[in-house]
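J.: Here is a sequence with its predicted model. Questions after.
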Protein chains: 2
Amino acid sequence: MRFATVLTIALAACGAATTARAEPILLREMGSFFVGGRIAVVSDRPKIMSGTPGVQQFELDPNGEYWVEQMYVQYFKVEKPRGRVPIILWHGGAMTGVFWESTPDGRPGWVNYFLRRGWDVYNVDGVERGRSGWAMYPEIWPAPPEFMPRSSPAERTHWRIGAGRPAQGAKPDAIELFPGSQFPVEAYDAFVKGFVPRWYHTGPATIKAFLELVDRVCPCVVISHSQSGAWSFDIAKARPDKVRALIAIESATPGSPGDLDRFSGMPIMWLLADFIDTDPQRVKAFARNLAFLKTVSAAGGLVDVVRLPELGIRGNTHFVMSDRNSDDVAGVVHGWLAKHGLHQ
Amino acid sequence: MRFATVLTIALAACGAATTARAEPILLREMGSFFVGGRIAVVSDRPKIMSGTPGVQQFELDPNGEYWVEQMYVQYFKVEKPRGRVPIILWHGGAMTGVFWESTPDGRPGWVNYFLRRGWDVYNVDGVERGRSGWAMYPEIWPAPPEFMPRSSPAERTHWRIGAGRPAQGAKPDAIELFPGSQFPVEAYDAFVKGFVPRWYHTGPATIKAFLELVDRVCPCVVISHSQSGAWSFDIAKARPDKVRALIAIESATPGSPGDLDRFSGMPIMWLLADFIDTDPQRVKAFARNLAFLKTVSAAGGLVDVVRLPELGIRGNTHFVMSDRNSDDVAGVVHGWLAKHGLHQ
């Protein structure tokens, strides 16, 4: 297992990012589809009048079958691929694929970054959120979701955006950022608008749908963020022949134990941003995760632990893809993939 | 007001569609952002433990501010624009922008069609759905939404997919299609997966967000479908200087009365698919809508009423963008826009 050995590659990629940004994106194909899902049956509910009164109404029987727990996938295939396999981007909890598209302050996101470097890109909305829809409760799912308040940076210390909870009605710039923070705080409200309601029981359905995606479009590279970090290890372990490289960004947890030799020969990047020490839970998690990563490494996994500040990339929050230097962080990932022969 | 006078243009465009499909899409920019929304305040709820047990937990105060009723917008700007203004695609009820991206059976959707012909394209998820998220009830919104059962074609006669409600557990091909139907029935389940929960009170919030979009990115062409048809007339009336052409596809209702001279000089297409006569409500609606369109025309609006079968385009359902001949219908719209000097 290596720590922060990708410095040279990272800096080279950062330089390239600046010049490449204005180039057009040439696509041979783009579109979307759904994977996964199951049919749930609802019964014993009374019939309702559906439609808009005075316009078009009809009696609707709400009993019967519903498609639930499907997963939305949007894809962009470049005209001249330079990535040897596609990249799948997998967002974190309460998030959707939106966070990879543009930054909150309107700069091009990681979808653009990787397309411009010749990677085919798949971008999902996990089960339960965004364009994947959600299922009625309590008939199909057990309970209502958790909603994301606007004023939560202080509660969510693992976000590491800032220390101070903004008072009700306060402007975003009332957030007390960590010194040198790269978070585009003036766009905090645009950032919050991207979050969606969140459930905590949909992991197995997400794994099922994601495996269907992998079986459909891989071999590939999987880039996970936060909540999906642990799941991405489970996916890679289930399909070691399909996942050519795994990048877990700011994951709080690793995958499940057992069968770690399935990671043998698989390049794995474990990427951490800045300000870890401000969050005691994250410090504790890092120690626990490191122990896991060492066992993966001992089982033959090609594990690189990358702490951005050790590469001279400072000021990043939990949301590296939203920060002002988001392209620099993408450059670290891109350079590392190139080093592993996945880009030509 | 004219009826089906665009035959020649339509057929010419259909021919072009076939040859253009395989050409690459060259983009100068792509991304997404949010418009609209308001801050809602929630109070008197107890604190909760958020996060995943055993991993990362924190106390969350669910009281305070929430962003609600924002609208998600994804955009694609072509490298060499031939459309004189961008197109905004606006889906129907219980739908999202997904329905314009790919057809249920995996063919390129209208986003691709218009990009390949040199139009910049904006594609939204209306307030309440998809990547726009939704607000908690009953604290912020009044009640739960309506969910879309899998087995509803017969109830939804205005869909005009088929007459028979498939039995529980039945395969999609059990749907009794109308003779000559263009609906890709084998992909019925993929089609249903794209529908999302629906509320009926979010119209004003949607209008507010959409006006913000118009003020940000127009002059433009607005293409609405079904539920958004009436709203698109309201938008055009509010911003006659910004909406260069309005295409309402399979709308059940026109806009609100009054100030119709604001449509003066505005090209307006009212597009209807096939099998109208199978739905008595739609027949009645058409008579009512025609009366409205005549007053718009008398006030100077350049109204074209297009019934696809009168152009020789037969078998279309309510979902012309999903049908097997979706590109032919897009060709009618494209040709009509070109005729009005909006494409070079």
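T.: That came through fine.

J.: For chain A, which segments count as strands?
T.: Secondary structure of chain A (DSSP state E): strands located at A:2-3, A:25-42, A:48-52, A:56-60, A:64-78, A:87-90, A:121-125, A:220-225, A:243-249, A:267-272, A:302-307.

J.: CA atoms only for the third one, dumped as CSV, please.
T.: Taking C-alpha atoms only, strand A:48-52 is exported to CSV below (Å, rounded to 0.1, in the frame of the first residue of the first chain):
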residue,chain,number,x,y,z
ILE,A,48,-59.3,7.9,-6.3
MET,A,49,-60.2,10.5,-8.8
SER,A,50,-57.0,11.4,-10.6
GLY,A,51,-56.2,14.3,-13.0
THR,A,52,-57.0,18.0,-12.9
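
J.: Give me the distance between it and the centre of its chain.
T.: 37 Å (CA atoms, centre = their mean, to the nearest Å).

J.: Which secondary structure elements does it sit against?
T.: With contacts defined as 3 or more CB pairs under 8 Å, 6 or more residues apart in numbering or on different chains; DSSP states H and E, the packing partners of strand A:48-52 are strand A:56-60. For every residue, glycine as well, the C-beta is placed using N, CA and C.

J.: Next, the angle from the strand it packs on to strand A:48-52.
T.: Calculated by axes from the mean of the first three to the mean of the last three CA atoms, to 10 degrees, strand A:56-60 forms an angle of 160 degrees with strand A:48-52.

J.: Would you mind giving both backbone torsions of the residue positioned nearest the centre of chain A?
T.: Closest residue to the average C-alpha location of chain A: A:H91 at 1.9 Å, with CA atoms, centre = their mean. Reported as degrees, to the nearest 10, the phi and psi values for A:H91 are phi -70, psi 170.

J.: got a list of what it touches?
T.: If a contact means CB atoms under 8 Å, 6 or more residues apart in numbering or on different chains, then A:H91 has A:G97, A:V98, A:F99, A:W100, A:V124, A:D125, A:G126, A:H225, A:S226, A:S228 as its contacts.

J.: so which of those also contact chain B?
T.: Filtering the contacts of A:H91 for neighbours of chain B using CB under 8 Å from any CB of the partner chain leaves A:G97, A:V98, A:D125.

J.: Is it possible to get a markdown table of those residues that adds pLDDT?
T.: Below are the ones next to chain B among the contacts of A:H91 laid out as a markdown table (pLDDT from 0 to 100):
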| residue | pLDDT |
| --- | --- |
| A:G97 | 98 |
| A:V98 | 98 |
| A:D125 | 98 |
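
J.: Please indicate which of these has the highest neighbour count?
T.: A:V98 (29 neighbours; other CB atoms under 10 Å in any protein chain shown).

J.: what sits against it?
T.: Here A:V98 is in contact with A:H91, A:G130, A:G194, B:S32, B:Y72, B:R131 (CB under 8 Å, 6+ apart).

J.: just the helices in chain A please.
T.: Assigned helices in chain A, in chain order: A:7-20, A:98-101, A:110-116, A:188-193, A:203-217, A:228-238, A:280-298, A:326-339 (criterion: DSSP state H).

J.: Could you identify which of those is most buried?
T.: helix A:98-101 (a mean of 27; mean count of other CB atoms under 10 Å in any protein chain shown).

J.: where in the stretch 151-300 of chain A is pLDDT low?
T.: Counting by pLDDT under 70, the stretch 151-300 of chain A contains low-confidence ranges at A:152-155, A:164-170, A:172-173.

J.: how much space between the closest residue to A:R117 other than its chain neighbours and chain B?
T.: Using CB to CB, 6 or more residues apart in numbering or on different chains and skipping the chain neighbours, the partner closest in space to A:R117 is A:H334 (5.9 Å). Using CB to the nearest CB, to the nearest Å, A:H334 is found at 18 Å from chain B.

J.: Tell me if I'm right that A:H334 and A:G118 touch.
T.: No: taking CB atoms under 8 Å as the definition, A:H334 is not a contact partner of A:G118, at 10.0 Å.

J.: list the residues that contact both of these two?
T.: A:H343.

J.: Could you verify my assumption that A:A330 touches A:V111?
T.: No: applying CB under 8 Å as the test, A:A330 and A:V111 come out as separate, 10.0 Å apart.

J.: Kindly tell me how buried the residue in the stretch 201-344 of chain A positioned nearest to chain B is, as a neighbour count.
T.: In the stretch 201-344 of chain A, the residue that lies nearest chain B is A:A252 (4.6 Å; CB to the nearest CB). For A:A252, the neighbour count with other CB under 10 Å is 22.

J.: mind listing what the spatially closest residue to A:M148 that is not a sequence neighbour touches?
T.: Leaving aside its chain neighbours, A:M148 sits nearest to A:F195 (4.1 Å; criterion: CB to CB, 6+ apart). Residues near A:F195 by CB under 8 Å, 6+ apart: A:A94, A:M95, A:M148, B:G133.

J.: For the first one, report the pLDDT, please.
T.: In other words, A:A94. A:A94 carries a pLDDT value of 94.

J.: The last one now?
T.: As summarised for this prediction, B:G133 has a pLDDT of 98.

J.: what does the stretch 201-344 of chain A have sitting close to chain B?
T.: So far as CB under 8 Å from any CB goes, the stretch 201-344 of chain A lies against chain B at A:Q227, A:A230, A:A252, A:T253, A:Q281, A:R282, A:A285.

J.: give me that answer again for 7 Å
T.: Taking CB under 7 Å from any CB of the partner chain as the contact definition, the stretch 201-344 of chain A meets chain B at A:A252, A:T253, A:Q281, A:A285.

J.: May I ask you to confirm that the last one is in contact with A:E250?
T.: No: at 10.5 Å, A:A285 does not count as touching A:E250 under the criterion of CB atoms under 7 Å.

J.: follow-up on the earlier one: and the residue nearest to the centre of chain A, how far is that from chain B?
T.: The value you get for A:H91 to chain B, if CB to the nearest CB is used, is 11 Å.

J.: Equivalent analysis for A:S32, please.
T.: 4 Å.

J.: Run through the bridge partners of that residue.
T.: Applying DSSP bridges to A:S32 gives these bridge partners: A:Q74.

J.: Great, nothing more from me.
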